[in-house]
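>>> I would like to see how this sequence folds:
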Amino acid sequence: MKIVILDGYTVNTGDLSWEDLEKMGSLTIYDRTAESEIIERIGDSQAVFTSKCRITEDVLNACPDIKFIGVLATGYDNIDIKAAQKRGIAVCNVPAYSTEAVAQHAFALLLELCNRTGLHNDAVQSGKWAASPDFSMVLSPMYQLSGKTMGIIGYGTIGKRVGQIAEAFGMTVIPYSRNAEGAIKADVISLHCPATPENKGFINKEFISKMKDGAYLINTARGALVNEQDLAEAVKSGKLAGAAVDVVSKEPIEADNPLLGIDNLIITAHMAWTSKEARQVICSTCGDNLKAFLDGKSLNRVV
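The predicted model follows:
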């Protein structure tokens, strides 16, 4: 069997192995593949793995040997599912691989907003503490989480794990799976829901106006959930004490993104999922998925 990985670099930067897939056929791995290269690189392969590369009906028409599509992630909106189903092509994903990593990163972002450890470290390293007349140097107020309330919008596997951690900090958790309104008055709102046409940009000026003054917003879910201009203005004005996001509307981030360059607005580069342990689960599960398919079984099939 010919197997191709179109964009494997973000999953395996060289610190993991694709040996589970190598056992099942001739494997070709590309770190990255431009849209114009997808058809040529798939060629006559029977199995194709993709993280973000789009497998459209045009691709499937041009590559009729495809029997199996493996997604190197949980979400599979980059696959034309109807076109694959029409052709009898199996599509498999990797569910719930990043729960611990994303939940941990959500709190890394929140704690940085609360304690500003990076700001204080930079000040110490530049000599400001050494020049201080006091034994304690505070550049921004520390925000204590114990006794505060966290609203979690999207109470799936990751949302529930975030809730457990929040409770360990002494926070009261308000979980919401569908109706976000009840979470509005929380001290911290953390987003963990998928992006849909219905909820695109629902974190907007109207929503933020109903939030508690001085609240924090954390987004480790999808950039499309947030109206970025409205969020930027809310942090600049002080309506929100701060925000931290790991995802933005277009990735990689564009130079004119309105969230850039704002005090108390932290941005990381869609990295919450990237612990080695989480990426290892992706590699091994992809091997399990393909093996199950070859054995006539079903594992993590979405179609």
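>>> How are the strands of the stretch 51-200 of the chain distributed by residue range?
Using DSSP state E, counting those that start in this stretch, the strands of the stretch 51-200 of the chain run over 68-71, 90-92, 149-153, 172-176, 188-191.
>>> Same check on the stretch 201-303 of the chain?
215-219, 240-245, 265-267.
>>> which strands and helices sit next to the shortest one?
To tie it back to what came earlier, the one meant is strand 265-267. In terms of contacts (3 or more Cβ pairs under 8 Å, 6 or more residues apart in numbering; DSSP states H and E), strand 265-267 is packed against helix 99-115, helix 228-237, strand 240-245. Any C-beta I mention is one placed from the backbone N, CA and C, and that applies to glycine too.
>>> Note down every partner strand of the shortest one and its orientation.
Pointing back at strand 240-245 there. strand 215-219 (parallel), strand 265-267 (parallel) (DSSP bridges).
>>> and the first one, C-alpha only, in CSV?
Which is strand 215-219. Only the C-alpha atoms of strand 215-219 are listed here, as CSV (Å, rounded to 0.1, in the frame of the first residue of the first chain):
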residue,chain,number,x,y,z
ALA,A,215,-13.3,39.9,33.6
TYR,A,216,-10.8,37.8,31.7
LEU,A,217,-11.4,35.9,28.5
ILE,A,218,-9.4,32.8,27.5
ASN,A,219,-9.7,31.2,24.0
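>>> Next, the angle helix 228-237 makes with it.
Going by axes from the mean of the first three to the mean of the last three Cα atoms, to 10 degrees, strand 215-219 is angled at 150 degrees with respect to helix 228-237.
>>> Number the chain from 8, please
I'll keep to 8 as the first residue from here, and by that count the last item is strand 222-226.
>>> ranking the helices and strands packed on strand 272-274 by burial, who's on top?
strand 247-252 (a mean of 24; mean count of other Cβ atoms under 10 Å).
>>> quick one: contacts of that one?
Here strand 247-252 makes contact (Cβ atoms under 8 Å, 6 or more residues apart in numbering) with 116-117, 119-120, 150, 215, 218, 221-227, 230, 233, 238, 241-242, 266, 271-275.
>>> Could you say which of the strands paired with strand 247-252 is packed most deeply?
Neighbour counts (mean count of other Cβ under 10 Å) averaged over each of the strands paired with strand 247-252 peak at strand 222-226, with a mean of 25.
>>> Just the CA trace of the longest helix along the chain, in PDB.
What stands out as the longest helix in the chain, according to DSSP state H, is helix 283-301. Taking C-alpha atoms only, helix 283-301 is exported to PDB below (Å, rounded to 0.1, in the frame of the first residue of the first chain):
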ATOM      1  CA  LYS A 283       4.900  15.500  23.000                       C
ATOM      2  CA  GLU A 284       2.500  13.200  24.800                       C
ATOM      3  CA  ALA A 285      -0.400  14.500  22.800                       C
ATOM      4  CA  ARG A 286       1.400  14.300  19.500                       C
ATOM      5  CA  GLN A 287       2.500  10.800  20.300                       C
ATOM      6  CA  VAL A 288      -1.200   9.900  20.600                       C
ATOM      7  CA  ILE A 289      -1.800  11.300  17.100                       C
ATOM      8  CA  CYS A 290       1.000   9.200  15.600                       C
ATOM      9  CA  SER A 291       0.000   5.900  17.300                       C
ATOM     10  CA  THR A 292      -3.700   6.400  16.800                       C
ATOM     11  CA  CYS A 293      -3.200   7.100  13.100                       C
ATOM     12  CA  GLY A 294      -1.400   3.800  12.800                       C
ATOM     13  CA  ASP A 295      -4.200   2.000  14.700                       C
ATOM     14  CA  ASN A 296      -6.800   3.600  12.500                       C
ATOM     15  CA  LEU A 297      -5.200   2.400   9.300                       C
ATOM     16  CA  LYS A 298      -4.500  -1.000  10.600                       C
ATOM     17  CA  ALA A 299      -8.200  -1.400  11.600                       C
ATOM     18  CA  PHE A 300      -9.200  -0.300   8.100                       C
ATOM     19  CA  LEU A 301      -6.900  -2.900   6.500                       C
END
